[in-house]
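# predicted model and sequence follow; I will ask about them next.
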Amino acid sequence: MDKAVLDTGSPKAILLRDYAAPPFWIDKVDLTFDLREDETIVTSRLTLRRNADVAAAPLVLDGQEMELISVALGGRGLTDRDYILTADTLTLTGLPDDGQVTIVTRIHPEKNTALEGLYKSSGNFCTQCEAEGFRKITYFLDRPDVMARYSVRIEADKAAYPVLLSNGNLTGEGDLEGGRHWAQWDDPWPKPCYLFALVAGKLVSIEDHFTTASGRDVTLRIYVEPGNEDKCGHAMTSLINSMKWDEEAYGREYDLDIFNIVAVGDFNMGAMENKSLNIFNTKYILARPDTATDTDFLGIETVVAHEYFHNWTGNRVTCRDWFQLSLKEGLTVFRDQQFSADMNSAPVKRIQDVTRLRQVQFAEDAGPTAHPVRPESYIEINNFYTPTVYEKGAEVLRMYHTLLGPQGYRRGTDLYFDRHDGQAVTTDDFLAAMRDANPDKVVDWEQFRRWYAQAGTPKVEGEGSYDASSHTYTLTLRQSLAPTPGQPEKLPMLIPVAMGLVGPDGTDLPLRLSGEAAAQGTERVLILSQPEQSFTFVDVGASPVPSLFRGFSAPVKLSFDYSDAHLAFLMGHDSDPFNRWEAGQTLAARLLLGMVADRAAGRDMVVPDSYIAAFGHVLDRVSEDPAFAALALTLPSENYLGQLMDIIDVDGIHAARDQVRAAIGQTHRDKLLATYSACLTNGPFSVTPDAIGRRSAKNAALAYLMAAGDAQGKALALAQYRDASGMTDVIAALALIADSDMPEREAALAAFADKWKDEALVMDKWFMIQAISSRPDTLDNVKALLAHPGFTIRNPNKVYALVGSLTGNAPIFHAADGSGYEFLADRVIELNKLNPQVASRMAKAFARWRQYDAQRQAAAKVALERVAHTPDLSRDVYEIISRSLEG
Ligand code: TRP
Ligand code: ZN
């Protein structure tokens with residue numbers, strides 16, 4: 001790329017190694033918000049105390065996009081001889097060791113399209129301060145290690161904004177002249193400013209209560225726009241379940257008398273854990289069976305729990321700096337995964353989580369934006385709310401759990417909370433707590449620490465050999481980690497390998513390693529810490545099939561020399577459900593990639609009978625566990641298959657999957673129809689794990705019938721679309737119809753849009769199913785939908801539904817003529833001005849452009865360079881695009 005362009009005013013990287021404690025602490029913040037239609041005046045009184053541990057330095061406050069009205073020290077007004085003002089700082093010199101500084105600023109929430117800081121959504125005021133949004137509200141030390149107590153007074157028009165909320169307890173309220181009113185909120189818990197929140201609006205609430213283990217009565221409220229009261233029940237139940245679960249699983253109680261949630265329609269991410277005032281994307285609150293799918297219901301349960309769990313993992317104990325983000329996010333994701341596993345089916349949840357990890361995190365690790373769980377540098381921290389920090393971070397927590405066992409892990413978290421309550425700490429502090437709470441466990445913690453420091457997905461290769469004369473089985477494993485940007489050399493990782501040996505009769509054999517006095521159970525955790533290691537098991541009566549990385553015990557890519565027969569055997573017999581599923585996926589991936597290779601070589605693609613037969617066996621057993629079966633019936637995704645190729649053959653992968661799906665639909669027509677009928681749920685609609693499982697198996701069966709173009713399948717899809725009472729079934733059927741060329745397609749789509757035009761979240765589904773269709777007219781259709789009255793580029797959910805879905809639609813987005821790339825570049829450029837966070841999330845779809853063929857690479861490069869040359873490129877987009885071009 002044209003280097004000069006990037007060099008002019010290139011944003012600077014922030015480095016972990018530059019961390020320094022602040023020169024002042026802020027113990028108390030008194031805020032007043034005067035909310036008006038055309039401006040908001042913020043008065044902030046900071047109670048400062050010099051940090052005696054660091055050399056005296058001026059106080060450099062962060063502040064952006066606001067107008068400074070006045071600054072005073074004590075009662076004395078300062079002039080511009082006493083401070084230095086730049087575009088993003090306010091520097092105060094000559095301050096006493098203790099003092100109060102009062103700052104008055106003017107901001108414009110009504111013009112804020114970035115949805116960061118104070119902004120408006122559907123006419124209501126709300127905030128989003130993580131990571132660095134507080135600096136758009138007032139001048140402050142906007143860093144998580146500065147923890148203060150907040151008192152907040154909000155003043156606004158009473159008719160337009162009857163509800164006024166902030167963190168902590170409501171300590172006063174009253175009326176003002178001119179139809180205005182005020183409320184005073186005091187939060188007794190010190191917190192970093194990223195956890196500050198304010199809401200003012202016309203909202204209604206539903207209320208419930210929770211009594212904590214020690215007897216505290218907590219009032220729980222969920223605030224939504226009028227008309228949505230009847231869609232909050234599932235979120236409330238999920239909140240109560242999470243409060244109870246955190247007491248039982250982690251010994252953590254809630255610490256205030258009130259817990260509020262507000263749902264807003266314009267939100268960049270899923271939700272935000274502001275102290276006692278969580279703010280949510282409506283997508284993760286609002287659900288009624290006729291408007292929300294099973295996936296939505298499960299997503300609500302997980303996200304409500306996630307934000308609630310942050311009260312301890314994030315709020316009571318927070319991050320020293322943003323490089324430590326996974327300290328709170330990885331841990332909290334692991335906690336919400338454990339919770340959802342307990343509420344539903346643990347194996348199903350694990351399979352879904354691993355599928356997502358592979359889909360998004362492994363892809364990130366393999367591209368130009370690869371970074372460690374604890375990054376060492378960033379340009380824009382918002383770009384680091386990534387699958388690596390969240391999902392791989394959660395895998396690191398799971399490995400502590402695997403290495404220490406449930407009790408050792410709990411000892412570790414107990415010590416972590418004891419030691420660090422009220423502090424801002426690091427991932428090293430967390431590791432130290434785990435280590436110190438488990439002095440008897442022999443774990444090389446220095447080596448384990450590399451999971452935080454080294455980017456990339458380790459590869460583990462291996463083979464096994466059975467010696468019939470000595471009854472020994474030797475398992476040899478080798479690990480390697482490829483270079484990632486900025487990390488050319490890697491050291492070996494400490495990899496927990498949960499495993500068993502499955503005997504010829506399908507049962508697990510006792511596991512005795514050579515040198516041990518006796519067998520230690522039938523499942524154990526081997527530690528792979530060397531580049532290559534062999535493990536010899538003795539007393540092995542017959543040649544076993546090893547079952548490795550049970551439950552996916554480490555985030556690695558395994559390639560083991562299994563025959564197809566071994567995989568089929570594990571599919572049928574492994575006692576570990578994850579590995580039963582995994583064996584089927586490995587077999588399917590092997591077969592699909594073989595077909596892709598045949599197609600590329602000009603040979604016919606053939607679906608082997610053995611695979612179709614194995615699939616039939618899964619269909620025969622659907623009733624045993626429909627939810628699990630639905631996952632076993634799902635082929636590896638196009639994205640995942642692409643990751644297994646050196647150069648991604650977009651069209652080949654799509655064609656191979658289509659052909660296998662059609663073959664299954666034809667051969668197993670009768671079994672699929674039987675599955676469909678057997679899984680119909682009778683009686684009242686419910687979202688229990690059983691009902692959800694049956695619906696997913698039924699809809700998987702329907703999809704195969706449709707893939708085969710089966711007439712009865714089409715009739716079933718139409719009937720299901722017309723008659724189903726729940727959104728899961730309606731949208732599953734409509735998605736299949738929308739992806740087909742059935743004559744009923746247009747009318748069905750039109751009827752749906754007409755029925756749901758006033759339900760934004762339902763319309764998102766309508767946009768999404770059209771954007772994921774593999775029909776050749778999809779891109780044109782999506783372009784037309786940009787002008788649909790229900791679409792707006794200013795709403796993140798709409799962008800994710802239409803533009804985001806399209807970037808996940810491989811054959812369309814990666815069309816050889818570059819049309820998909822050109823479309824995305826246009827959207828990124830448009831969004832860059834309005835909402836840099838959303839623009840940059842969309843721009844990440846370009847990241848793996850070098851993994852495609854030369855023609856596609858050339859087209860992607862043109863699109864990337866066009867974005868790079870856009871005037872006023874945000875730091876967010878700049879960082880992603882420049883990294884992608886550097887490769
Ligand atoms: N901490 C939030 C979470 O629960 C993440 C989040 C919400 C966020 N909104 C954001 C991060 C805006 C960056 C910008 O995971
Ligand atoms: Zn979080």
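That came in fine, so what should we check first? Numbering: from 1, shown residues only. Ligands and ions are numbered 1, 2, ... in the order given.
# count the neighbours of the residue in the stretch 151-300 of the chain that ligand 2 sits nearest to for me.
Proximity of the stretch 151-300 of the chain to ligand 2 (C-beta to the ion) peaks at E273, 6.2 Å away. Glycine gets a C-beta too; all of them are placed from N, C-alpha and C. E273: 23 surrounding residues under other C-beta atoms under 10 Å.
# is it true that F549 touches F560?
No. Between F549 and F560 there is no contact under C-beta atoms under 8 Å: 9.4 Å.
# between those two, which one's more packed in?
Counting neighbours by other C-beta under 10 Å for F549 and for F560 shows that F549 has the greater number, 22 against 17.
# burial of A160, as a residue count?
A160: 16 neighbours (other C-beta under 10 Å).
# so what's it closest to, chain neighbours aside?
Leaving aside its sequence neighbours, A160 sits nearest to K202 (C-beta to C-beta, 6 or more residues apart in numbering; 6.7 Å).
# and for that neighbour, the neighbour number?
Using other C-beta under 10 Å: K202 sits among 14 other residues.
# I26 sits in which helix or strand?
Element membership for I26, per DSSP states H and E: strand 24-35.
# mean confidence score for that strand?
Mean pLDDT, computed over strand 24-35, is 98.
# got it, and stretch 687-703?
Rounded mean pLDDT across stretch 687-703 is 97.
# pull the residues that contact it.
By C-beta atoms under 8 Å, 6 or more residues apart in numbering, the residues outside stretch 687-703 that reach it are 234, 289, 294, 297-298, 344-345, 348, 619, 622, 625-631, 633-634, 661, 672-673, 675-676, 679-681, 685, 713, 716-717, 720, 726, 728-729, 732-733, 736.
# contacting residues around the residue of the stretch 151-300 of the chain closest to ligand 2?
With contact set as C-beta under 8 Å, 6+ apart, E273 has these partners: L195, H306, E307, Y308, H310, N311, G314, N315.
# and it, how close does it get to V606?
52 Å (C-beta to C-beta, to the nearest Å).
# just K671 next, same as before
21 Å.
# now do the phi/psi pair for the spatially most distant residue from the centre of the chain.
Relative to the C-alpha centroid of the chain, counting by C-alpha atoms, centre = their mean, S469 is the outermost residue, at 50.9 Å. Here is the backbone geometry of S469 (degrees, to the nearest 10): phi -70, psi -40.
# over to E155?
Dihedral angles for E155 - degrees, to the nearest 10 - are phi -120, psi 130.
# that one contacts L31, doesn't it?
No. When contacts are counted by C-beta under 8 Å, E155 is not listed as touching L31 (11.3 Å).
# what residues do the two have in common as contacts?
Joint contacts of E155 and L31 (C-beta under 8 Å, 6+ apart) do not exist.
# apart from its neighbours in sequence, what residue is nearest A825?
Closest residue in space to A825, ignoring its immediate chain neighbours: A863 at 4.0 Å, by C-beta to C-beta, 6+ apart.
# could you point out which element follows the helix or strand hosting that neighbour?
Using DSSP H and E, A863 falls within helix 854-868. Once the chain leaves helix 854-868, the next helix or strand it forms, by DSSP H and E, is helix 875-886.
# check which helices and strands that following helix sits against.
If contacts are counted by 3 or more C-beta pairs under 8 Å, 6 or more residues apart in numbering; DSSP states H and E, helix 875-886 sits against helix 836-843, helix 854-868.
# what angle separates the shortest one from helix 875-886?
Using axes from the mean of the first three to the mean of the last three C-alpha atoms, to 10 degrees, the interaxial angle of helix 836-843 with respect to helix 875-886 works out to 20 degrees.
# identify the residues contacting helix 836-843?
114-116, 268, 380, 382-383, 796, 799-800, 803-804, 807, 824, 827-828, 831-832, 867, 874-877, 879-881, 884.
# which residue ranges of the stretch 51-200 of the chain form strands?
For the stretch 51-200 of the chain, the strands defined by DSSP state E, counting those that start in this stretch occupy 59-62, 67-73, 76-77, 83-85, 89-92, 98-107, 117-121, 124-128, 148-157, 163-166, 169-175, 180-191, 198-201.
# help me confirm that V803 is found in a helix?
Yes. Applying DSSP: H, G, I helix; E, B strand; the rest coil, one finds V803 inside a helix.
# what is the burial count for it?
Residues lying near V803 (other C-beta under 10 Å) number 27.
# mind showing which ranges of the stretch 351-500 of the chain have poor pLDDT?
Within the stretch 351-500 of the chain, not a single segment meets pLDDT under 70.
# give me phi/psi at the residue in it that ligand 2 sits nearest to?
Residue nearest to ligand 2 within the stretch 351-500 of the chain: Y390 (7.3 Å; C-beta to the ion). The phi/psi pair for Y390 (degrees, to the nearest 10) reads phi -80, psi -70.
# in TSV: the strands of the stretch 51-200 of the chain, plus distance to F140 and mean neighbour count.
Shown next, in TSV, are these (distance: least, C-beta to C-beta, whole Å; neighbours: other C-beta atoms under 10 Å):
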stretch	distance to F140	mean neighbour count
strand 59-62	6	20
strand 67-73	13	15
strand 76-77	20	10
strand 83-85	14	16
strand 89-92	9	18
strand 98-107	9	18
strand 117-121	11	23
strand 124-128	13	25
strand 148-157	9	20
strand 163-166	16	25
strand 169-175	22	12
strand 180-191	13	19
strand 198-201	14	24
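# right, and the ones you listed - which one's nearest A517?
Of all these, strand 180-191 sits nearest to A517, with 52.8 Å by C-beta to C-beta.
# one step back: immediately after the strand holding I26, which helix or strand?
For strand 24-35, the succeeding helix or strand toward the C-terminus, using DSSP H and E, is strand 40-50.
# which strands or helices does that following strand pack on?
strand 24-35, strand 98-107.
# just to revisit the earlier point, excluding its backbone neighbours, what's nearest the residue of the stretch 151-300 of the chain closest to ligand 2?
Per C-beta to C-beta, 6+ apart, closest to E273 is H310, 3.4 Å.
# and the pLDDT at that neighbour?
With respect to pLDDT, H310 scores 99.
# burial count for it?
Neighbours of H310 under the rule other C-beta under 10 Å: 25.
# contacting residues around it?
Contacts of H310 were listed using C-beta under 8 Å, 6+ apart, and they are E273, K328, T332.
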